[in-house]
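Colleague: give me coordinates for this.
(one chain, ligands or ions: 1)
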Amino acid sequence: MSAPVGWGIVPTNHELRLYNSLGRRMEDFTPAAAVAGLYSCGPTVYAYPHLGNMRAYVFADTLRRALRWKEIPVRHVLNITDVGHAVADTNTGEDKLEVAAARERRSVMDIAAYYTDVFLVDSAALNLLPADEYPRASTYVEPMIEFAKKLDHDGFTYQLPSGLYFDTARDPGYGELAQMSTEGQLEAARLEHVEGRLRKTDFALWRAEEPGKRRVLRWDSPWGWGAPGWHLECSVMSMALLGQHFDLHTGGVDHRELHHVNEIAQSQAFLGDGRPWVRYWLHNEFLQLGAEKMAKSAGGAPRLADLTEAGYHPMAYRLFLLGGHYRSQLDFTNAAIDAAQATLRRLVSRVQPLRPLPPVETLAGARQRTEGDPAAQRLLDTIDAAVAADLGTPKILAALQDALREPALTPDGQRAVVAAADALLGLGLGSLDPADLEHRRALSELSGQEKQAIEELVADRTQARKERDWARADQIRAELDELGVALTDTPDGPVWQLR
Ligand SMILES: [Zn+2]
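Modeller: Below you'll find the model as predicted:
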């Protein structure tokens, strides 16, 4: 879109409007510096990430791809919470990691390493662009203590036997992001009783060890031995890696009501410069798991591996998510994922004759490749308008379908439009193997004998690796590969599944 010269509006490829939870309105996005800073609240690595958890990261990835489309360089930080996330809302008491370690009879660090690996494997399967940094909370405890010390020194805190608390009464703007009265927030947050706490909104910066209850992961602090409060890590790690102020902060809509409210309160108290800490807060809606739960793992919500074991491709899940806007609730049902897999299969069979797709990642690049093809340029404008209107992925999908049907397109124009849509959607249409989209054999369809044969090969390979016989280990891996078995090595040993 062009604007008259001299009106102070520069016509660029960069126009991007995003829905800012802070103020609940659409705003033009302009990064404050040459490289936009983006922080996404990451997983607490004490259990398998379920499909609903992964929606937040597919959303952050969609944002990354939109920024790339607009040629806005970005530095993305996604944290790994491996300490400090309390089980209860009170922020006191047991840590999720420590509870999981006790339950699974493994060390806390083993638990964290294992579930971090699972998260990264799932992220790769969903074709998420890797973050620039994945900071671990446990490696930032010293700066967290320093951060809390400053708040303590500046009078924003009070100490109780259970730890150091942030005094939310000191922050007149507390809860602005949640747009709730403090009273409303009390109801919504279902906060529990903490002995001596002045207000229910006050939260722990430091959780002191209970007498006689020694934590596994513990640090010494001016407020006694213990561990940092969960909210603290995101403020400290984001500032350490992105600078004191940065542009974008993402997370699930559940974070909008409490975690992010507390991050803002402590960060703005810490900075004390009267400026908003982060300018754009973006939140994705929930994934509703329908009545037909796919959960096969005891009572838990389904995870990506449950889908792949049932014969679905991870990209079918990604396509299902992108078929809705990130700010709409989505119902996950068997019918919906079936439909997504069928759509993906059709898309791939239509794109296959167009391969190889050209390397198109930006609007400018796509425009260049479609010069002289007005039909292709019109489709690009449609795609760009969808991106610019708060990441309208359903409209990008529709434009992709149109591009595959439109007879007026030149072959090169069609390739460029398809490549452009795929760069934004991240479905990997340029390389997906149609055979991978056929309904794959489920684990339950394997005979006992087949299962045993696979287990034996996996064990042989583990033995070969122990003996440092890499040639044999590789050979067995190739055999497994031929059987359609995908193997992932984790600190806990190899994990296999059918491809
Ligand atoms: Zn966070």
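Colleague: what sits against the residue nearest to the spatial centre of the chain?
Modeller: By Cα atoms, centre = their mean, the chain has its centre lying nearest to Tyr57, at 2.0 Å. Tyr57 sits next to Ser40, Gly42, Leu78, Ser123, Leu126, Leu128 when contact means Cβ atoms under 8 Å, 6 or more residues apart in numbering. Bear in mind the C-beta positions are built from the backbone N, C-alpha and C, glycine included.
Colleague: now for the first one: which residues touch it?
Modeller: To tie it back to what came earlier, the one meant is Ser40. Ala56, Tyr57, Ala60, His76, Val77, Leu78, Asn79, Ala131, His249, Thr250, Gly251.
Colleague: can you select the buried ones from these in PyMOL?
Modeller: Entered in PyMOL, the line below selects the buried ones among the contacts of Ser40, by 16 or more other Cβ atoms under 10 Å:
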select buried, resi 56+57+60+76+77+78+79+131+249+250+251
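Colleague: out of the contacts of Ser40, which sit inside strands?
Modeller: His76, Val77, Leu78, His249, Thr250, Gly251 (DSSP state E).
Colleague: JSON lines for those, including distance to the ion?
Modeller: Formatted as JSON lines, the ones in strands among the contacts of Ser40 follow (distance: Cβ to the ion, whole Å):
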{"residue": "His76", "distance to the ion": "14"}
{"residue": "Val77", "distance to the ion": "11"}
{"residue": "Leu78", "distance to the ion": "10"}
{"residue": "His249", "distance to the ion": "8"}
{"residue": "Thr250", "distance to the ion": "10"}
{"residue": "Gly251", "distance to the ion": "6"}
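Colleague: looking at those, which is nearest Leu177?
Modeller: His249 (9.9 Å; Cβ to Cβ).
Colleague: surely Asp373 and Pro411 touch.
Modeller: No - in terms of Cβ atoms under 8 Å, Asp373 does not count as a neighbour of Pro411; the distance is 9.7 Å.
Colleague: higher neighbour count, those two?
Modeller: Set Asp373 next to Pro411 and count neighbours by other Cβ atoms under 10 Å: Asp373 wins out with 20 against 10.
Colleague: now for Pro172, how many residues are close by?
Modeller: 7.
Colleague: and for Pro359?
Modeller: With other Cβ under 10 Å as criterion, Pro359 counts 10.
Colleague: mind checking which of the contacts of Tyr57 are in helices?
Modeller: Among those, the subset assigned to helices under DSSP state H consists of Ser123.
Colleague: rebuild the contacts of Tyr57 as JSON lines, extending it with pLDDT and distance to Tyr174.
Modeller: Rendered in JSON lines, the data for the contacts of Tyr57 read as follows (pLDDT from 0 to 100; distance: Cβ to Cβ, whole Å):
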{"residue": "Ser40", "pLDDT": "98", "distance to Tyr174": "23"}
{"residue": "Gly42", "pLDDT": "96", "distance to Tyr174": "25"}
{"residue": "Leu78", "pLDDT": "98", "distance to Tyr174": "26"}
{"residue": "Ser123", "pLDDT": "97", "distance to Tyr174": "34"}
{"residue": "Leu126", "pLDDT": "98", "distance to Tyr174": "36"}
{"residue": "Leu128", "pLDDT": "98", "distance to Tyr174": "33"}
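Colleague: got the residues of the stretch 51-200 of the chain near the ion?
Modeller: Within the stretch 51-200 of the chain, no position is near the ion by Cβ under 5 Å from the ion.
Colleague: at 8 Å instead, please
Modeller: By the rule Cβ under 8 Å from the ion, the part of the stretch 51-200 of the chain lying against the ion is Asn79, Thr81.
Colleague: report the closest residue of the stretch 51-200 of the chain relative to the ion.
Modeller: Nearest residue of the stretch 51-200 of the chain to the ion: Asn79, at 6.6 Å (Cβ to the ion).
Colleague: what is the neighbour count of His259?
Modeller: 18.
Colleague: and Gln463, by the same measure?
Modeller: 13.
Colleague: tell me which helix or strand it sits in.
Modeller: In the assignment (DSSP states H and E), Gln463 maps to helix 448-466.
Colleague: and that helix, what does it pack onto?
Modeller: If contacts are counted by 3 or more Cβ pairs under 8 Å, 6 or more residues apart in numbering; DSSP states H and E, helix 448-466 sits against helix 470-482, strand 485-490, strand 493-498.
Colleague: how about residues contacting it?
Modeller: 443, 446, 470, 472-473, 476-477, 479-480, 483, 485, 487, 493-494, 496.
Colleague: right, and out of those, which lies closest to the ion?
Modeller: Looking across those and measuring by Cβ to the ion, the closest to the ion is Gly493, at 31.0 Å.
Colleague: need the contact list for the closest one.
Modeller: Counted by Cβ under 8 Å, 6+ apart, Gly493 has contacts Thr462.
Colleague: next: Trp206.
Modeller: Contacts of Trp206 (Cβ under 8 Å, 6+ apart): Ile145, Ala148, Gly163, Leu164, Ser221, Trp223, Gly224, Gly226, Ala227, Pro228, Gly229, Leu232.
Colleague: repeat for Gln352
Modeller: Pro434.
Colleague: could you measure it against Ala398, distance?
Modeller: 21 Å (Cβ to Cβ, to the nearest Å).
Colleague: just Leu160 next, same as before
Modeller: With Cβ to Cβ as the criterion, Leu160 and Ala398 are 55 Å apart.
Colleague: CA atoms of stretch 377-395 as PDB?
Modeller: Coordinates of the C-alpha atoms in stretch 377-395 are reproduced here as PDB (Å, rounded to 0.1, in the frame of the first residue of the first chain):
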ATOM      1  CA  GLN A 377       0.800 -10.500  -7.500                       C
ATOM      2  CA  ARG A 378      -2.800 -10.200  -6.500                       C
ATOM      3  CA  LEU A 379      -2.500 -13.500  -4.500                       C
ATOM      4  CA  LEU A 380       0.600 -12.200  -2.800                       C
ATOM      5  CA  ASP A 381      -1.300  -9.000  -1.800                       C
ATOM      6  CA  THR A 382      -4.000 -11.200  -0.300                       C
ATOM      7  CA  ILE A 383      -1.400 -13.200   1.600                       C
ATOM      8  CA  ASP A 384       0.400 -10.100   2.800                       C
ATOM      9  CA  ALA A 385      -2.900  -8.500   3.900                       C
ATOM     10  CA  ALA A 386      -3.600 -11.600   5.900                       C
ATOM     11  CA  VAL A 387      -0.200 -11.600   7.600                       C
ATOM     12  CA  ALA A 388      -0.400  -7.900   8.300                       C
ATOM     13  CA  ALA A 389      -3.900  -8.200   9.900                       C
ATOM     14  CA  ASP A 390      -2.600 -10.000  13.100                       C
ATOM     15  CA  LEU A 391      -1.300 -13.200  11.400                       C
ATOM     16  CA  GLY A 392      -4.400 -14.400   9.600                       C
ATOM     17  CA  THR A 393      -3.300 -17.900   8.900                       C
ATOM     18  CA  PRO A 394      -6.700 -19.200   7.800                       C
ATOM     19  CA  LYS A 395      -6.700 -16.600   5.000                       C
END
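Colleague: check which helix or strand the residue of the stretch 151-300 of the chain at minimum distance from the ion maps to.
Modeller: Among all residues of the stretch 151-300 of the chain, Cys234 sits closest to the ion, at 3.2 Å; criterion: Cβ to the ion. Secondary structure assignment for Cys234, by DSSP H and E: helix 230-242.
Colleague: show the average pLDDT along that helix.
Modeller: Averaging pLDDT along helix 230-242 gives 96.
Colleague: how about residues contacting that helix?
Modeller: 37-39, 41, 75, 77, 79, 81, 84-86, 91, 133, 135, 137, 140, 143-144, 147-148, 203, 205-206, 246, 249, 259, 262-263, 266-267, 270, 278.
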